[in-house]
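Undergrad: Compute the structure for the input listed below.
(2 chains)
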Protein chains: 2
Amino acid sequence: MTFDQQALPHVGDLVIGILGGTGDQGRGLSYRFARAGLRVLIGSRSSERGEAAARDVAALPGVTGEVTGAGNADVAQAADVAIVTVPWDGHAETVAALREPLAGKIVVDCVNPLGFDERGPYAVRVAEGSAAEQTAALLPSSRVCAAFHHVSAVVLADPTVERVDLDVLVLGDDREAVAVVLALAGTIDGVRGVHAGRLRNAGQVEALTANLIVINRRYKTHAGLRITNL
Amino acid sequence: MTFDQQALPHVGDLVIGILGGTGDQGRGLSYRFARAGLRVLIGSRSSERGEAAARDVAALPGVTGEVTGAGNADVAQAADVAIVTVPWDGHAETVAALREPLAGKIVVDCVNPLGFDERGPYAVRVAEGSAAEQTAALLPSSRVCAAFHHVSAVVLADPTVERVDLDVLVLGDDREAVAVVLALAGTIDGVRGVHAGRLRNAGQVEALTANLIVINRRYKTHAGLRITNL
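TA: Model (predicted):
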């Protein structure tokens, strides 16, 4: 196939759960999905913080989808698609605790296993190969994909940005689940979802975020990626 | 700094050596540099094959720079900047053998450590972290950078392509050497060189080539990367 956004499944009726959604990346994605008219649930370890983040996001310009907050387990239970945006530190623990409510569901890992020292960001080696493969190992009954690693939280959260100028690389072994995530990425104005391989090739996509952070610092920007000739 | 191609050093007088330059990537880069008017030396284990590749490249449309071929050691000796485009299989051996002629020089590693099986391409774990770091370990007196991983050999070699639509991510710890490589990338019409971090962040850039190969196969294209908001 050549690139064809139209061939993707309809995702407008899905309930999107953002697990650990009170951080910058989670809020930014929540805003963009809510702006696309999707129903968004923002999860947090504390249901109060999830509710507070949901009120913040719902109040942003252009939101047409309903946004509510709750604890991570309730969000995992209610969501059709769950997006994991927790920090790498605590990733395994958070994911493992949600094994039952996430069974059978599409789970999208967005986590970048990075370290920072005086020379800047660097990729952390993950025993399973990547954060996404760690999630797949912890959630054997879920349909795990990886995506949304390179989105700039600043750009996503900026209401004046009408079109987000980047492609979202989607990794996964379950073709139907991948198609849903590709379509989900495509609900964000300006964004294309691009299937970039199986989960075993997720590690370098996660790690590339270190390079984008370097580029942001060096060139004073909020960099994203586009795939050319597509 | 913001992105500014003009602030980069002049590289028009440098002699560019392409080590292992008879493969598709080496020929493609040789062609683009020769088309930019640079003096290019194509090296091979066999000087005859280097000379044959040089004759092929020199005969392509638009070439204005001189292109000659020789053995890898002679090319390493004569070049100002040496670009390593050998296959991953044999990388360490080829690089280690050129330690003396490459001493003090800028060496640009373009090698992608990939494996292929029935499920497609995948990133190979490298003990040193990346092919570029392996080169840096083997050439302690050289100024090692990494770049040109994601260029499509097919696009580079196509004389009808006037502008190559991609950014070249350049990795390196030696700021002056990095600036030369950024400028070298910028000699190719359409290409920008972007400094994307230190050598320790080269592994994921090399490995990302696996994802681009998947994208090429899935979407039937010759994909490249652009950094957005730059």
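Undergrad: so where is chain A shaky, pLDDT-wise?
TA: Chain A contains residues with pLDDT under 70 at A:1-3, A:5.
Undergrad: so where do the helices sit in it?
TA: Assigned helices in chain A, in chain order: A:24-35, A:47-58, A:72-78, A:91-97, A:131-138, A:153-157, A:175-186, A:203-219 (criterion: DSSP state H).
Undergrad: Packing partners of the fourth one?
TA: Spelled out, it's helix A:91-97. helix A:72-78, strand A:81-84, helix A:131-138 (3 or more Cβ pairs under 8 Å, 6 or more residues apart in numbering or on different chains; DSSP states H and E). Where you see a C-beta, it was placed from the backbone N, CA and C, and this is true even at glycine.
Undergrad: Likewise for the longest one?
TA: In terms of contacts (3+ Cβ pairs under 8 Å, 6+ apart), helix A:203-219 is packed against strand A:114-117, strand A:120-123, helix A:131-138, strand A:224-228, strand B:192-195, helix B:203-219.
Undergrad: Of the ones you listed, give the one that comes closest to residue A:50.
TA: helix A:131-138 (20.2 Å; Cβ to Cβ).
Undergrad: Just want the angle from the closest one to helix A:203-219.
TA: Calculated by axes from the mean of the first three to the mean of the last three Cα atoms, to 10 degrees, helix A:131-138 forms an angle of 150 degrees with helix A:203-219.
Undergrad: who touches helix A:131-138?
TA: Contact with helix A:131-138 is made by A:84, A:88, A:91-92, A:95-96, A:99, A:107, A:109, A:111-113, A:126-128, A:142, A:144-146, A:171, A:199-200, A:202-203, A:206, as judged by Cβ atoms under 8 Å, 6 or more residues apart in numbering or on different chains.
Undergrad: Can you point out the buried residues in it?
TA: A:131, A:132, A:133, A:134, A:135, A:136, A:138 (16 or more other Cβ atoms under 10 Å in any protein chain shown).
Undergrad: Please produce a markdown table containing those residues, extended by distance to residue B:62.
TA: Shown next, in a markdown table, are these (distance: Cβ to Cβ, whole Å):
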| residue | distance to residue B:62 |
| --- | --- |
| A:131 | 45 |
| A:132 | 44 |
| A:133 | 45 |
| A:134 | 49 |
| A:135 | 49 |
| A:136 | 48 |
| A:138 | 54 |
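Undergrad: With respect to chain B, which of those residues is nearest?
TA: residue A:133 (12.1 Å; Cβ to the nearest Cβ).
Undergrad: Show the backbone phi and psi for the closest residue to residue A:229 other than its chain neighbours.
TA: Once flanking residues are discounted, residue A:229 sits nearest to residue B:221: 4.8 Å by Cβ to Cβ, 6 or more residues apart in numbering or on different chains. Per-residue torsions, residue B:221: phi -140, psi -180 (degrees, to the nearest 10).
Undergrad: got a list of what residue A:165 touches?
TA: Applying Cβ under 8 Å, 6+ apart, the residues near residue A:165 are A:190, A:224, A:226, B:228, B:229.
Undergrad: quick one, what contacts residue A:177?
TA: A:106, A:143, A:144, A:145 are the contacts of residue A:177 under Cβ under 8 Å, 6+ apart.
Undergrad: The second one against residue A:105, yeah?
TA: Yes: using Cβ atoms under 8 Å, residue A:143 and residue A:105 qualify as a contacting pair, with a distance of 6.7 Å.
Undergrad: Report the separation between the closest residue to residue A:226 other than its chain neighbours and residue A:24.
TA: Nearest residue to residue A:226, sequence neighbours excluded (Cβ to Cβ, 6+ apart): residue B:226, at 4.3 Å. Residue B:226 sits at a distance of 24 Å from residue A:24 (criterion: Cβ to Cβ, to the nearest Å).
Undergrad: Then residue A:111?
TA: 13 Å.
Undergrad: Which one's more surrounded, those two?
TA: Set residue A:111 next to residue A:24 and count neighbours by other Cβ atoms under 10 Å in any protein chain shown: residue A:111 wins out with 28 against 13.
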